[in-house]
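Engineer: give me the fold of what follows.
(2 chains)
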Amino acid sequence: MPTHATETQKGAADRLRDIESVTDAGLARLSVDDLLVELLDRVRDILDADTATVLLLDAPTGQLVATAARGIEEEVFQGMRIPLGRGFAGRVAAGRKPVAIDDVHDADVINPLFRQKGIRSLLGVPLLAGDRLLGVLHVGALVPRRFSDADVDLLRMVADRVALATQAQLSETERRAAVLLQRSLLPDRLPQVPGLEAAIRYIAGGEGDVGGDWYDMFTLPSGWVCMTVGDVVGRGLRAAAVMGRLRTAVRAYALATRSDPAAILERIDRMLRQFEPGEMATAVLALLEPSFDRIHVSLAGHPAPVVAGGTGPATYLDVPVDPPLGVAPPASRRVTTVDLPRGAVVCFYSDGLVERRGVPLDTRLGRLRDAVTLRPAEDVCTTVMVELVGDDRPTDDVALLTVRRLDPPSAEPLDLAVPAVASSLRDIRAAAKRWLTTIDARPDDVIDVLLAIGEATSNVVEHAYGPKGGLVHVRLELQRPDVVVTVRDTGRWRSPRGDNRGRGTHIIDAVTDEVTVDRRSNGTEVVIRRRVGRAGSRR
Amino acid sequence: MTSARVDVSVDGGHVRIAVAGEVDLANTVVVEEQIVAAITNQVTSVSVDLGEVEYLDSAGMRILFSLASRLAGLQIAFEVVAPVGSAARRLAEVSGLASLVALRPPLDRAAG
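Structural biologist: Numbers count the residues shown, from 1 in each chain, chains lettered A, B, ... in the order given. Presented below is the predicted three-dimensional model:
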């Protein structure tokens, strides 16, 4: 005998009103959080329950997490988590069927909150979207009662509503997270390397869902430049996260390993197999020598880059394709070395660029090859995208990295501002040396210019500033046929101290064509001119 | 941080000190200490080999000037070895070290 007024005593009109209450179109305008609260309140009202709770399934842990609750808000505040199969909610979820407990005293209910609140009867239904379990919705009563079939039906109706709303939000949240992650991992600006220009195109294919394609380009302290395009198998947040880890690992290994792309890929392969079993990726990894004369390429299940250079049309690099990364057994990887003449253009890309359902791959490859010509990297990227992507939104991600070796090399001035301390001298020399290499200076001239810069900057370090220190500004520019070096500081110089000091200016005089020193109380500017010949020519 | 390597080999009373890498204001003190430590009371001649030096300026030259005057006072023979056309040789000539100290190119390696 029911101890509480139940459904059987309500008329049909009342039932209709109840149903409308939970299917009210007005609810559609609410945010998911507000919707849940509103629904739970209405459910409590209709079923005359004291508590109502929504728990959502956290798939990675297999636990139900209290997400919204009325009458027992502590479940949410305390981050209540119930493992699938355990306790009341766990049983509902595991069985995917409604469960009613007439009196908790007789049942195995692990949630101490229920006892604390004095809940006696429970009714729970699974939240399902198709055959996917999203969570559990349950109501509780402080006075023991038996829930009727009509109660169960009503709760199921509410559950459908809740399931729809939460599923939409979960997908949207995950999709946004994946896009954010991908954007943060793939900056759209590449490093400025004097003597090279680069451009990228990146399109996330599919339904706005993200994939695992990446591109990267970075310089190493040794002066080598690394370029890579890769493709993690799969889509969504997981693929984007794996992609991020791989991209970072490539940088770390490139920094630590000798300049050999095959060796780097072998380490990436081992890393994937050890730490991310089941994940697979393809990649092209290229290392460009500091002189830019030669490029070394290794392929892991990835399409070969296109090169246009010197004379003749573009060709696909003749590089053997080793297995993808992450597949067993481990492969010994190969590297191919190719000359890169001045003005040459190289395109690295992912297979999403060339694969198109219904179109022969060779046709697409031919079109790509024809689109790569000796023009600025940005223009090449634009042409490739027009020819290969056109008006069709790709179904797969597309990553395209175009790099061009400039000819003549960029003659942009070099400007540095660094602390005037002894440890900066080496960095100044390294930057100057690189700049002099890109303007193709004769080695003997490079020695003299570096010496002049070294002396002038050492002088600033030793004499310009007191303990507080300051900056030294160095500028190198090309005014053919001279290199003009300007070393500037804002200090009030003190006179040389100690023995054997002051040889620096004499040396600068000896190795350069012209030196002017403008010393004032608020700073000093030294301008050095030195005629510089091109490598391979006589002075 | 600028890095240099100082390798010392002793043959009787002769000490050969080979310097490799870069020497500038940042590491002259350390390099000088290592060079001086190699010259004991038993030494009769010193040669400093700059064949592997990639960068050297007046800061590093001070070490050699200082060493030159000290060794002259101790009557220890001193020579500096630097390949023709190298940065070190250029500097040795331009700084005036060449007029103070015997400066010669590296000899062809003798057998043994």
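Engineer: quick check on the closest residue to chain B within the stretch 1-150 of chain A: phi, psi?
Structural biologist: Taking C-beta to the nearest C-beta, chain B has its nearest neighbour within the stretch 1-150 of chain A at residue A:60, 45.4 Å off. No exception for glycine: its C-beta is placed from N, CA and C like everyone else's. Here is the backbone geometry of residue A:60 (degrees, to the nearest 10): phi -60, psi -30.
Engineer: kindly report the same for residue A:293.
Structural biologist: Main-chain torsions, residue A:293, degrees, to the nearest 10: phi -70, psi -30.
Engineer: for the record, mean pLDDT for whatever helix or strand residue B:65 lives in?
Structural biologist: Following DSSP states H and E, one finds residue B:65 within helix B:58-74. The predicted model gives helix B:58-74 an average pLDDT of 92.
Engineer: list the buried residues in it.
Structural biologist: Buried residues in helix B:58-74, counted by 16 or more other C-beta atoms under 10 Å in any protein chain shown: B:58-65, B:67-68, B:71.
Engineer: other SSEs contacting that helix?
Structural biologist: Packing partners of helix B:58-74 (3 or more C-beta pairs under 8 Å, 6 or more residues apart in numbering or on different chains; DSSP states H and E): helix A:443-463, strand B:14-23, helix B:28-37, strand B:45-56, strand B:77-81, helix B:87-95.
Engineer: near chain A, which residues of chain B?
Structural biologist: The interface of chain B toward chain A, taken as C-beta under 8 Å from any C-beta of the partner chain, is made up of B:1-2, B:22, B:24-26, B:55, B:57-59, B:61-62, B:65-66, B:85, B:87, B:90-91, B:94-96.
Engineer: just the buried members of those?
Structural biologist: Neighbour-count burial (16+ other C-beta under 10 Å) is assigned, among the residues of chain B next to chain A, to B:2, B:22, B:24-26, B:55, B:57-59, B:61-62, B:65, B:87, B:90-91, B:94-95.
Engineer: surely residue A:228 meets residue A:285?
Structural biologist: Yes: Residue A:228 lies in contact with residue A:285 (C-beta atoms under 8 Å); the separation is 4.8 Å.
Engineer: so where is chain B shaky, pLDDT-wise?
Structural biologist: B:1, B:108-112 (pLDDT under 70).
Engineer: OK, now which residue of it is nearest to chain A?
Structural biologist: Nearest to chain A in chain B, going by C-beta to the nearest C-beta, is residue B:26, at a distance of 3.7 Å.
Engineer: hang on, that residue is in a helix, isn't it?
Structural biologist: No: Residue B:26: not assigned to a helix; according to DSSP: H, G, I helix; E, B strand; the rest coil it is coil.
Engineer: so what's it closest to, chain neighbours aside?
Structural biologist: Nearest non-adjacent residue to residue B:26, counting by C-beta to C-beta, 6 or more residues apart in numbering or on different chains: residue A:422, 3.7 Å away.
Engineer: tell me the helix or strand right after the helix or strand where residue A:286 lies.
Structural biologist: Taking DSSP H and E as the definition, residue A:286 sits inside strand A:281-288. Per DSSP H and E, strand A:281-288 leads on to strand A:294-300 as the next helix or strand towards the C-terminus.
Engineer: which secondary structure elements does that next one contact?
Structural biologist: helix A:261-275, strand A:281-288, strand A:321-322, strand A:336-339.
Engineer: paired strands for that strand, with orientation please.
Structural biologist: Sheet partners assigned to strand A:294-300 using DSSP bridges are listed as strand A:281-288 (antiparallel), strand A:321-322 (parallel), strand A:336-339 (antiparallel).
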